[in-house]
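>>> how would this look folded up:
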Amino acid sequence: MGRIGMGEVLLIAFVFVLLFGAKKLPEVGAAIGSAIKEFKKASKDVEGSIKDAIEDKK
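A predicted model of the protein is given here:
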């Protein structure tokens with residue numbers, strides 16, 4: 001039940017095309033990619049801050 005099959009992927013892609021249109025999909029993909037990049041950067045910053053705080057207490 002945890003895996004997504006090819007039929008589900010095609011259905012999701014079809015829904016995206018209906019919602020955003022074929023011309024907007026590259027823009028949506030770029031926005032999602034940059035959001036993921038920013039999230040990873042922020043999580044690394046938080047992780048570094050936590051490690052620094054732990055080292056300071058030692």
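
>>> From the chain's centre, how far out is whichever strand or helix holds residue 29? Work that out for me.
If you go by DSSP states H and E, residue 29 is part of helix 25-57. Computed by Cα atoms, centre = their mean, to the nearest Å, the chain-centroid distance of helix 25-57 equals 11 Å.

>>> And the average pLDDT for it is what?
The average pLDDT within helix 25-57 is 92.

>>> who does that helix touch, helix- and strand-wise?
helix 6-20 (3 or more Cβ pairs under 8 Å, 6 or more residues apart in numbering; DSSP states H and E). Where C-beta positions appear, they are placed from N, C-alpha and C, glycine not excepted.

>>> Alpha carbons only: can I get the helix it packs on in CSV?
Written as CSV, here are the backbone C-alpha positions of helix 6-20 (Å, rounded to 0.1, in the frame of the first residue of the first chain):
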residue,chain,number,x,y,z
MET,A,6,2.5,3.9,-13.0
GLY,A,7,-1.2,4.4,-13.2
GLU,A,8,-1.3,6.7,-10.2
VAL,A,9,1.7,8.7,-11.5
LEU,A,10,-0.1,9.2,-14.8
LEU,A,11,-3.3,10.3,-13.0
ILE,A,12,-1.4,12.8,-10.9
ALA,A,13,0.4,14.2,-14.0
PHE,A,14,-3.0,14.5,-15.8
VAL,A,15,-4.5,16.4,-12.9
PHE,A,16,-1.5,18.8,-12.8
VAL,A,17,-1.9,19.4,-16.6
LEU,A,18,-5.6,20.1,-16.1
LEU,A,19,-5.0,22.4,-13.1
PHE,A,20,-2.0,24.4,-14.4
